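Trainee: attaching a predicted model along with its sequence, questions to come.
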Amino acid sequence: MSEDILKNEKLAKLEWWKSQGIEPYGRKFKRELIASLTPERKDPVSIAGRIMTIRRHGKAAFCDIMDQSGKIQVYFKKDIIGDVLFERFKNLDVGDIIGLKGELFVTHTGQLTVLVKDFTILSKIIGTLPEKWHGLKDVEIKYRKRYLDLIVNPQTQNVFATRTKIINLMRNFLGQLGFVEVETPMMHPIPGGAEAKPFITHHNALDMDLYLRIAPELYLKKLLVGGMEKVYEINRSFRNEGISTLHNPEFTMLELYSAYGDYQEMMELTEKLILHIVKNLFDTLEIDYGETKINFQPPWKKIYWEDCWKNLGIENWRDITQVKQKFADLRLDTEGKEDLFALLDLLFKRTIEPELIDPTFIIKFPVETSPLAKTCPDDPTMVERFELYIAGLEIANAYSELNDPVEQKKRFIEEIQRPTERPKVIDEDYIEALEYGMPPAGGLGIGIDRLVMILTNSSSIRDVILFPLLRPKQ
RNA sequence: GGGCCGUUAGCUCAACUGGCAGAGCAGGGCACUCUUAAUGCCAAGGCUGGAGGUUCGAUUCCUCCACGGCCUACCA
């Protein structure tokens, strides 16, 4: 059956409704939530929702009506609603949105059902819903037409309800600790706060190029200078890089800063925050993720970054020949990389990262990889920083914030001297802010999309973003 | 950007080594006033993602293109 024919049949029904003097796209309808209905209810009920199935039996029919709270069976009976309404009922389709009034009863098979007394059409479907039994499986259609996915796949509703819950749990946890939620610019004159290729846009009136933010970090720390001591932003950031099961060009992070704290405090906070979420979502601290089980039981494992290399048998990770030798020993391809940190990063990804299933903090990183972090008091070549890994995914990144403006400027200069596709500009505005004195602070970033992936057992970031970026069809 | 795989009816899927493209659901008609993947009967629905090529003959083999998936690269 071609799509046009199906559509024309629906359009004919639409015309039928109009010919009866009924507007098939209705207005406000006073209704109660389907999930609130219980068998004890004796008085008339009023509900609205989408028709998901119709089982016609000549002069009667059963339908399932779904609203966001749930689904209930309703019973249309000709000798109850009369000839006129029953004729209207015949011109309803699966997918139509209706409002109805009736009384609850329980069928012979024990199912709570609304005996319809009156109903009205609120929105006529013209398209055709995907099949009721198998649902919508084609991932391309799921992403492009997320509304269809949401209508027919209850699991999808679940994932996004959980996503919202996670973010709400973050907000109430942080609120209780006295953190203030703020909003900072998403259009930056100079991209900063992370090492990533930015998107460029243009402001006409000011005739200036702007960059979509790659991270809110520098603005949030200006707020620390201003005396806002505990701030966070649940931020959409944008990175002009590849797309994968772990990367969407726009993604959501939690970034927070706590004055007079440090990375140790951030580690405790991270553990408590994620445990707060896990405990509220599940009855257990052990959850399934794909084929593996993740155990969130605290305290979480802590491994020094430097020890990762010792454990691999690399005596001195700064010796690039030892690092290259390890690649050779493990028969791993260096993929043409020559830079020490690029090689270490790759080796970490190949050998260590996949093993970090239960939440694990990797602690203290080389200063070269962390231009915004404070160095360790006992070792100026390393910084007070950690990354949190769960299920082999990098979930969080935090450090003791560098608040020395002179040191910061030096680091920026070193940074732009390394090869990068970013504009070679130092954010003097940020340096100037530091010159007015930023309190020592701990800062933390958590990848919300990835955390949601883990807590909803999703294998692709696209499954936790309502409208992931796809190339336009045709 | 590279490699591999996929694309068949509105949806979910078949079609062996090249031989008339098939089913369930949805939609249409008929019957049916407690069904719930309702049931029974009838009819319809396709340029097999697009463009070329090989062949008597292509959903099937080859080339190119489009879109997607996985891996990989880029990536704090």
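Mentor: On my side now, so go ahead. Numbering: from 1, shown residues only, chains lettered A, B, ... in the order given.
Trainee: please count neighbours and contacts with C-alpha atoms only from this point.
Mentor: Will do.
Trainee: and the next element down the chain from the strand or helix carrying A:N397?
Mentor: Using DSSP states H and E, the element containing A:N397 is strand A:393-400. Where DSSP H and E defines the elements, the next helix or strand beyond strand A:393-400 is helix A:405-417.
Trainee: which residues touch the next helix or strand after that next one?
Mentor: The helix or strand immediately downstream of helix A:405-417 is helix A:428-435, counting by DSSP H and E. Residues from elsewhere that reach helix A:428-435, judged by C-alpha atoms under 8 Å, 6 or more residues apart in numbering: A:L218, A:K222, A:V225, A:N403, A:D404, A:P405, A:V406, A:Q408, A:K409.
Trainee: strand A:393-400 and the helix or strand encompassing A:Q264, what's the angle between them?
Mentor: Per DSSP H and E, A:Q264 falls inside helix A:263-281. Per axes from the mean of the first three to the mean of the last three C-alpha atoms, to 10 degrees, the angle that helix A:263-281 makes with strand A:393-400 is 140 degrees.
Trainee: buried ones in helix A:263-281?
Mentor: By neighbour count on 16 or more other C-alpha atoms under 10 Å, the buried set for helix A:263-281 is A:263-267, A:270-271, A:273-275, A:277-278, A:281.
Trainee: and for stretch A:407-424?
Mentor: A:Q408, A:K409, A:R411, A:F412, A:E415.
Trainee: who's in contact with the second one?
Mentor: Spelled out, it's A:K409. A:K409 neighbours (C-alpha under 8 Å, 6+ apart): A:I426, A:I431.
Trainee: next one, pLDDT for it please.
Mentor: As predicted, A:K409 sits at a pLDDT of 95.
Trainee: again with A:D283
Mentor: 94.
Trainee: distance of the closest residue to RNA strand B within the stretch 1-150 of chain A from A:R41?
Mentor: Going by C-alpha to the nearest atom of the strand, RNA strand B is nearest to A:M1 of the stretch 1-150 of chain A, at 1.9 Å. Noted for A:M1: a distance of 44 Å to A:R41, by C-alpha to C-alpha, to the nearest Å.
Trainee: which one of those two is surrounded by more residues?
Mentor: A:R41 (12 against 5; other C-alpha atoms under 10 Å).
Trainee: mind listing the residues bridging to A:G49?
Mentor: Here A:G49 sits in beta bridges with A:I98, going by DSSP bridges.
Trainee: quick one: contacts for it?
Mentor: A:I65, A:M66, A:D67, A:I97, A:I98, A:G99.
Trainee: 6 Å instead?
Mentor: A:I65, A:M66, A:D67, A:I97, A:I98 (C-alpha atoms under 6 Å, 6 or more residues apart in numbering).
Trainee: so how far is the helix or strand where the first one lies from its chain's centroid?
Mentor: In other words, A:I65. Taking DSSP H and E as the criterion, A:I65 maps to strand A:60-67. Its chain's C-alpha centre lies 33 Å from the corresponding centre of strand A:60-67 when counted by C-alpha atoms, centre = their mean, to the nearest Å.
Trainee: excluding its backbone neighbours, what's nearest A:N316?
Mentor: Spatial nearest neighbour of A:N316, chain neighbours left out: A:Q322 (7.2 Å); criterion: C-alpha to C-alpha, 6 or more residues apart in numbering.
Trainee: in a strand, that neighbour, correct?
Mentor: No. Using DSSP: H, G, I helix; E, B strand; the rest coil, the assignment for A:Q322 is helix, not a strand.
Trainee: how much space between it and RNA strand B?
Mentor: 20 Å (C-alpha to the nearest atom of the strand, to the nearest Å).
Trainee: A:I357 contacts A:I390, doesn't it?
Mentor: Yes. Using C-alpha atoms under 6 Å, A:I357 is in contact with A:I390, at 5.2 Å.
Trainee: mind checking which of those two has more residues around it?
Mentor: A:I390 (23 against 18).
Trainee: so what does that one have for phi and psi?
Mentor: phi -140, psi 130 (degrees, to the nearest 10).
Trainee: give me every residue that touches the closest residue in space to A:E250 that isn't next to it in sequence.
Mentor: Spatial nearest neighbour of A:E250, chain neighbours left out: A:F238 (4.4 Å); criterion: C-alpha to C-alpha, 6+ apart. Counting by C-alpha under 6 Å, 6+ apart, A:F238 makes contact with A:R213, A:I214, A:P249, A:E250.
Trainee: the first one is in contact with A:M186, isn't it?
Mentor: Yes. In terms of C-alpha under 6 Å, A:R213 counts as a neighbour of A:M186; the distance is 5.0 Å.
Trainee: who has more neighbours, these two?
Mentor: Remark: of A:R213 and A:M186, A:R213 carries more neighbours, 28 against 17, as counted by other C-alpha under 10 Å.
Trainee: distance check, that one against A:T360.
Mentor: 29 Å.
Trainee: so where's chain A uncertain?
Mentor: A:419-423, A:474 (pLDDT under 70).
Trainee: what about the lengthiest helix in it and RNA strand B, touching?
Mentor: Identified as the longest helix of chain A according to DSSP state H is helix A:154-176. No. Helix A:154-176 lies out of reach of RNA strand B by C-alpha under 7 Å from any atom of the strand, never closer than 14.1 Å.
Trainee: now do A:V231: how many residues are near it, please.
Mentor: 23.
Trainee: partner residues bridging it?
Mentor: The partner residues for A:V231, given DSSP bridges, come to A:V180, A:Y257.
Trainee: quick check, distance from stretch A:346-358 to the centre of its chain.
Mentor: So, by C-alpha atoms, centre = their mean, the centroid of stretch A:346-358 is 23 Å from its chain's centroid.
Trainee: could you do stretch A:161-177 as well?
Mentor: Worked out by C-alpha atoms, centre = their mean, stretch A:161-177 lies 13 Å from the chain centre.
Trainee: before we move on, what SS does the closest residue to A:V152 other than its chain neighbours have?
Mentor: Among residues not flanking A:V152 along the chain, A:G135 sits closest, at 5.6 Å (C-alpha to C-alpha, 6+ apart). Of the three states, A:G135 takes coil under three-state DSSP.
Trainee: need the helices for the stretch 101-250 of chain A, in chain order.
Mentor: A:139-144, A:146-152, A:154-176, A:217-225 (DSSP state H, counting those that start in this stretch).
Trainee: to A:K7, which of the ones you listed lies closest?
Mentor: helix A:146-152 (16.4 Å; C-alpha to C-alpha).
Trainee: now the closest one: buried residues?
Mentor: So helix A:146-152, judged by 16+ other C-alpha under 10 Å, has buried residues A:R146, A:L148, A:D149, A:L150, A:I151, A:V152.
Trainee: format those residues as TSV; extra columns: distance to A:G437.
Mentor: Converted to TSV, those look like this (distance: C-alpha to C-alpha, whole Å):
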residue	distance to A:G437
A:R146	48
A:L148	53
A:D149	51
A:L150	49
A:I151	53
A:V152	55
